[in-house]
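Engineer: I would like to see how this sequence folds:
(2 chains)
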Amino acid sequence: MWQCIGLVFPLLLAAQQPSSTGFFETRVQPVLRANCIPCHSDKNLTSGLSLETLESIQKGGNRGPAVKTGDPEASLVVHAIRQTGDLKMPPGRKLKDSQIAILEQWIKDGLPMPEALRKSKRPGANHWAFQAPRRAPIPAVKNQAWVKNPIDNFILARLEKAGLEPSPEADPATLLRRVSLDLIGLPPTPTELDDFLSDKRPGAYERAVDRLLASPHFGERWGRAWLDVARYADSDGYTIDAPREGMWLYRDWVINAYNKDEPFDRFVIEQMAGDLLPNPAQAQLIATGFHRNTPSNYEGGIDFEQYRVEAVADRVMTTGAAFLGLTVGCARCHDHKYDPFTQREFYQLFAFLNNADEVDKEADRKDFNKPFLPVGSPDDLKRYHAWEAQLQLLENELNQYRQSIPGTGSILDPGVVERERHINDLRKHMPKVTRALVMKELDHPRQAYIQLGGDFTRRGANVEPGTPAVLPPLDVRGRRPTRLDLARWLVDRRNPLTARVTVNRMWQKYFGKGITDTENDFGVMGERPTHPELLDYLALEFMDRGWSRKAMHKLIVMSATYRQSSKGRADAKAIDPDNRLLARQNRLRLDAELVRDSALVACGLFSEKLGGPAVYPPLPPGANSVTQVKREWKTSEGADRYRRGVYTFFQRSAPHPSLVLFDAPDATTTCTRRIRSNSPLQALTLLNDEAYFEFAGALADRLLKDKTTGDTQKLKEGFLLALDRAPRAGEQQRLLQLLAAQRDSRREEKAAWTAVSRVLLNLDEFMTRE
Amino acid sequence: MTKEDKAVLHATRRQFFRDCGAGVGKIALLNLMGERAFAIGKDHPAKIEHVIYCHMAGGPSHLEMFDYKPELVKWDAKPAPESYLKGKRFAFMDSFSKETPKLLGTRRHFRQCGEHGMWISDLLPHMAGVADDLTMLNGVATENFNHGPAKLFANTGSIRPGRPSIGAWVTYGIGSESKDLPGFVVLQSGPRGPRGGALLWSSGFLPTAYQGIPFRNVGDPILDLSNPKGITGEDQRRALDAIQDLNRLRLEDTSDEEIKTRISAYEMAYRMQTSGPDLIDFGQESKQTLEMYGAEPGIGTFANNCLLARRLVERGVRFVQLYHTDWDHHDDIVGPLDKVAAEVDRPTAALIRDLKQRGLLEKTLVLWGGEFGRTPMGEVREKGKIGRNHHIDSYTLLMAGGGLKHGITVGASDDLGFSPAEDKIEVHDVHATILHLLGINHLKLTYKFQGRDFRLTDVRGRLIEKALA
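Structural biologist: This is a model prediction of the structure:
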């Protein structure tokens, strides 16, 4: 039936208006094809404009609609080709008057075009990542005995096809160390190892996994990975780089969300738009700190609007990368070169995020970094709100006074000076609360517009909030699309990207590379997944299991694929040099924070304390002398000296060197994967840094504590503490030799055992997840 | 380099190329010190091998030192003409918007120096003495009128944080000659650190091995270069030998090439420990040399850093950056400018002379200048004093070294110093030219990140042909 109409309808049209479409085909189209379409096609979309179809012509480009149907005088295109204003088309030459007249006539006639040219086609729309995940049948495999869960079917099927055997399971001690480092970011203690090795009942490994998933350290480990994405830091960045004292509330919110396995869809909605939920709880407001992690500039003489725009653009790019795995930032200055996203669509996303009640002019400088959410005891909050009210009162009064005096309210008027002094004094006496940085929507949204060339001073067409057309449509619940609608759209089951992107990043942490290696580019230039059906299986499982991250972590670490030995294999290397088929596990150097955390656990100084304000472990002298404003580093005392790396204060202009040298991100833009470098400066840190020398000394003390044990026993204990295994003969002999040489040159046992401990903490194995 | 190092470097290099060739950001094994073996490679024969970038942080007044504007002197204290202000954006707009700012002619005496008559003021007598080795760029334009973003722009080609700095790009592109010092070193002097801090020498999305390594003015130049307290050289060597032996056993066990790289990294770390003290031992310099720079061992002055820069370049370091702060003269363009100019004048000239007498100048580029210049209008913040605001449309940079036409001035500003009068020289053009001198085509030095091939010069950058020999 529909097909019939599709055939008959254009015929009817053609019959009714023979001259018009004929006019288009014989007169208009040749002019457009020769002069306009080369740049303004559905494919090239220069300045966002395509003149190929009726739909695209009516929609227009970055400067707004190209044509007002029936009215050439009000049509931008006509002014451009007449070359009467700033915009002159085609560039560098002019159409003949007769050609201009043809286009004017066509516009006047109401743009008659053949049916086939009425709708735009989206190139790239059939790209794999834009299609909904599909549940493929679980592949059959020959070696069914190896399989522990469906992940293994997908992996083994490919291996068998390539003629490769999977590797045997890693030995139990290695496996426990691996899964501990992966799930909680800490190595097992000798007791935990012993418990595991002596648990001979079936299901010992699963019990260990369940114990680790229930540990509060799980949130610290995996929360840190999310903080990379959130570009979390404890200071403002740019020039002044003052501390953001309450930002840790957001960090703790993240850790907590992981620990209680908050479903990922809620996790996303609360961070993107917790403030727009009905009666948001305090935690849901703190969650919106996600998009307040953008660096902020307030050096003297700036245009605040410029940096606000920068922050919003960063939020758009971060949203694209974090959830959709897309490089939407490419469309900030021009249409995306490869993916089907226009510059207009970038600013439609921008429009969702453009309405926060932030500082956008010099007069607001005093409220820099607003909006805040004060957090504290009820009494503290009462005092804070009273203070706030008092401040507001005084400011209103000052404004009234200003209006009452003649002239423009001179800054030299004694009444003004006195009142301002009063206000400034009061500001200095803010009652003690912790202020979280949160999102708060303006009552009247700012008008978003296309920024021509990505420059906010060059206004293009106005745009309203909207999502990219190539992806499933947005559900709008209210009058106008809001940030909350966008948040819900991100985790809508119909969205083909968010679940895939998220499980791919989990996989990446466990195997070093994602199933799609380009974890931040699921667009057409990204790598195709090595195991597409597995990626879809995991994405669908993730959603079907109520977006539970712990369920997915468990699924992955329970697989035989994950449990394989990481030992190199010549046969596999010949066939699959990069180990993309996973005939074995990969050895991975620990993340920056984990190098520190592991050393703390090994030497026994580790502080278990969770959460709270950032801490200041010792900083090598001079390491923060590079900042414009001197920032005091008040080295923490007591247990706070030995907290996990995730709690170390992150100063953007001078981050702790032991973090950045081990590839912690610089927290300026979203980071979806850490690079793993291997440099002499890392060696210098582990060999010589005050902190690591202290750890080595503490490990030596630990070994020396039991006066009854001999050297070999002590060595064994040292190996257990640092590496969760006993030394092999060659290793033992070599370290006994070191011990003897140290004793020869020095008397003190502490020094000799410190030497041994330094060796242990510097081994490749120590800083590697096997 | 030992035989083993070479084997490791070779293996790593193959890995590196294979990974890069395969696609996006896949660098599994990274370079150790930006050594040449890892370099992506040069595009054409290089004119120079090293860069010393003296960044005068805060925005030095080119109108007091280099860009002589007699017309501006003539129109001193007159309101700035509307036609010159139109379309321009300035810092502290609100104070400028109250009344039309007044022009400010320089009070300094200018004279023409050297064979080609380069204009330099009496603030810089020593630098005037090396005018024939300088190449002056006038009418340079940048993009942002605030210190932090403008500094990012001067270093990374973007006002947004997160992009790699020029030193990182260069060491990523062509590595370094030094085997026991970082390829990109940052030195700092002046009353405070530069605005932006570590982001200015960041490796951005490039591997962190290419980030600038700040050297400290007191104690060890590099963090953690000395053994821990109480550990002798012998202790250290012994511990290191045991580490290496155990790592070799592990390598046999796992056949993971990354362990080879780690072994090599530890060996290089040890070599750095030995060469570090030698690097900063100014006792090896003659009294005459120390006097020429005005260097005094043990204090963190610009003079010391200039001498250290020469010693770094001698040791093969690819990119040395010096920051000297305190050039932001809003309220007083007289006394404070005298002071900071005197701090840098003599050491800068000494650096150029010293490099030249050692035959190093022809293979080194010295770049000298700030993130922007200062306005032709005066700024009054305090009664009785006058300064200048930030100016981004036209300012001056100096170059010296190989591959350049010496003693000449390229580019010009208009009569009042507001805008370029000839071809505008953009910061991206300066970057393109520096890369060109190093043998790198700026269009080809790219890195794929978030779906896009990024480059230092973004979508711009033209060679400053007139400055090239």
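
Engineer: who touches the residue of the stretch 551-700 of chain A found nearest chain B in this structure?
Structural biologist: Per Cβ to the nearest Cβ, residue A:653 is where the stretch 551-700 of chain A lies closest to chain B, at 2.8 Å. Placement of C-beta: from N, CA and C, glycine included. Residues near residue A:653 by Cβ atoms under 8 Å, 6 or more residues apart in numbering or on different chains: A:235, A:237, A:241, A:626-628, B:193, B:196-199.

Engineer: for residue A:642, same thing?
Structural biologist: With Cβ under 8 Å, 6+ apart as the criterion, the residues that contact residue A:642 are A:600, A:605-607, A:617.

Engineer: residues near the closest residue in space to residue A:56 that isn't next to it in sequence, how many?
Structural biologist: Nearest residue to residue A:56, sequence neighbours excluded (Cβ to Cβ, 6 or more residues apart in numbering or on different chains): residue A:50, at 3.8 Å. Each residue near residue A:50 was counted by other Cβ atoms under 10 Å in any protein chain shown, and the total is 25.

Engineer: now residue A:50: how far from chain B?
Structural biologist: Between residue A:50 and chain B the computed distance is 22 Å (Cβ to the nearest Cβ, to the nearest Å).

Engineer: Could you look up the SS state of that residue?
Structural biologist: Secondary structure for residue A:50, judged by DSSP: H, G, I helix; E, B strand; the rest coil, is coil.

Engineer: Residue B:185 now?
Structural biologist: Residue B:185 - assigned by three-state DSSP - is strand.

Engineer: neighbours of the closest residue in space to it that isn't next to it in sequence, just the number please.
Structural biologist: Nearest non-adjacent residue to residue B:185, counting by Cβ to Cβ, 6+ apart: residue B:320, 5.1 Å away. Around residue B:320 sit 28 other residues, with neighbours defined as other Cβ under 10 Å.

Engineer: Residue B:320 and residue B:50 touch, don't they?
Structural biologist: Yes. With contact defined as Cβ atoms under 8 Å, residue B:320 reaches residue B:50; the gap is 7.3 Å.

Engineer: tell me, what's touching these two both at once?
Structural biologist: residue B:313.

Engineer: low-confidence ranges in the stretch 601-750 of chain A?
Structural biologist: Filtered on pLDDT under 70, the stretch 601-750 of chain A yields the residue ranges A:626.

Engineer: one more time with 50
Structural biologist: Across the stretch 601-750 of chain A, nothing is flagged by pLDDT under 50.

Engineer: quick one: the helices in the stretch 251-400 of chain B?
Structural biologist: For the stretch 251-400 of chain B, the helices defined by DSSP state H, counting those that start in this stretch occupy B:257-279, B:287-293, B:302-314, B:335-357.

Engineer: Secondary structure element holding the residue of the stretch 551-700 of chain A closest to chain B?
Structural biologist: Under DSSP states H and E, no helix or strand contains residue A:653.

Engineer: ok, back up a step: determine which two of the contacts of residue A:642 are furthest apart.
Structural biologist: Using Cβ to Cβ, the two most remote members of the contacts of residue A:642 are A:606 and A:617, lying 12.2 Å apart.

Engineer: separation between residue A:273 and chain B?
Structural biologist: The gap separating residue A:273 from chain B is 24 Å, by Cβ to the nearest Cβ.

Engineer: Quickly find the element holding that residue.
Structural biologist: For residue A:273, the element it lies in under DSSP H and E is helix A:264-273.

Engineer: Quick one: name whatever helix or strand follows that helix.
Structural biologist: As assigned by DSSP H and E, the chain's next helix or strand after helix A:264-273 is helix A:282-287.

Engineer: roughly how far is the following helix or strand past that next one from the heart of the chain?
Structural biologist: Once the chain leaves helix A:282-287, the next helix or strand it forms, by DSSP H and E, is helix A:304-319. Centroid separation between helix A:304-319 and its chain, computed with Cα atoms, centre = their mean, to the nearest Å, is 15 Å.

Engineer: Counting by contacts, list what helix A:304-319 packs against.
Structural biologist: The helices and strands touching helix A:304-319, judged by 3 or more Cβ pairs under 8 Å, 6 or more residues apart in numbering or on different chains; DSSP states H and E, are helix A:343-353.

Engineer: Recalculate using a threshold of 10 Å.
Structural biologist: Applying 3 or more Cβ pairs under 10 Å, 6 or more residues apart in numbering or on different chains; DSSP states H and E, one finds that helix A:304-319 contacts helix A:264-273, helix A:343-353, strand A:448-451, helix A:483-490, helix B:147-156.

Engineer: most packed of those?
Structural biologist: With neighbours defined as mean count of other Cβ atoms under 10 Å in any protein chain shown, the helices and strands packed on helix A:304-319 peak in mean count at helix B:147-156, which reaches a mean of 27.

Engineer: so what does that one touch, helix or strand wise?
Structural biologist: helix A:304-319, strand B:50-56, helix B:166-174, helix B:427-437.

Engineer: Tell me which of these approaches residue A:285 most closely.
Structural biologist: helix A:304-319 (16.9 Å).

Engineer: what's the nearest residue to residue 184 if we skip its chain neighbours?
Structural biologist: Using chain A. Nearest in space to residue A:184, with sequence neighbours left out and distances taken as Cβ to Cβ, 6+ apart, is residue A:217 at 3.8 Å.

Engineer: wrong chain, I was asking about chain B
Structural biologist: residue B:167 (3.9 Å).

Engineer: And residue B:419, by the same measure?
Structural biologist: Distances taken as Cβ to Cβ, 6+ apart place residue B:393 nearest to residue B:419, at 5.1 Å, with adjacent residues excluded.

Engineer: Quick check: that neighbour touching residue B:88?
Structural biologist: Yes. Counting by Cβ atoms under 10 Å, residue B:393 touches residue B:88, with 6.4 Å between them.

Engineer: which residues are common contacts for the two?
Structural biologist: Each of B:145, B:375, B:418-419 lies in contact with both residue B:393 and residue B:88 under the rule Cβ atoms under 10 Å, 6 or more residues apart in numbering or on different chains.

Engineer: Please, a ChimeraX command that selects the buried ones among those residues?
Structural biologist: Here is the ChimeraX command that selects the buried residues among these (16 or more other Cβ atoms under 10 Å in any protein chain shown):
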select /B:145,375,418
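
Engineer: could the shared contacts of residue B:393 and residue B:88 go into JSON lines alongside secondary structure and pLDDT?
Structural biologist: Below are the shared contacts of residue B:393 and residue B:88 laid out as JSON lines (DSSP: H, G, I helix; E, B strand; the rest coil; pLDDT from 0 to 100):
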{"residue": "B:145", "secondary structure": "coil", "pLDDT": "89"}
{"residue": "B:375", "secondary structure": "strand", "pLDDT": "95"}
{"residue": "B:418", "secondary structure": "coil", "pLDDT": "94"}
{"residue": "B:419", "secondary structure": "coil", "pLDDT": "94"}
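
Engineer: ok so residue B:135 is a helix residue?
Structural biologist: No. Counting by three-state DSSP, residue B:135 falls outside a helix, being strand.

Engineer: Which strand residues bridge it?
Structural biologist: On the basis of DSSP bridges, residue B:135 is bridged to residue B:399.

Engineer: How about the contacts made by the spatially most central residue of chain B?
Structural biologist: The centroid of chain B falls nearest to residue B:53 when counting by Cα atoms, centre = their mean (2.9 Å). Taking Cβ under 10 Å, 6+ apart, we find residue B:53 in contact with B:154-155, B:165-167, B:186, B:309, B:319-323, B:365-369, B:434.

Engineer: Could you measure from it over to chain A?
Structural biologist: Between residue B:53 and chain A the computed distance is 16 Å (Cβ to the nearest Cβ).

Engineer: Please name the bridge partners of that residue.
Structural biologist: Per DSSP bridges, the residues bridged to residue B:53 are residue B:321, residue B:367.

Engineer: pLDDT at it, what is it?
Structural biologist: pLDDT for residue B:53: 98.

Engineer: From residue A:98, how far out is it?
Structural biologist: According to Cβ to Cβ, to the nearest Å, residue B:53 stands 59 Å off from residue A:98.
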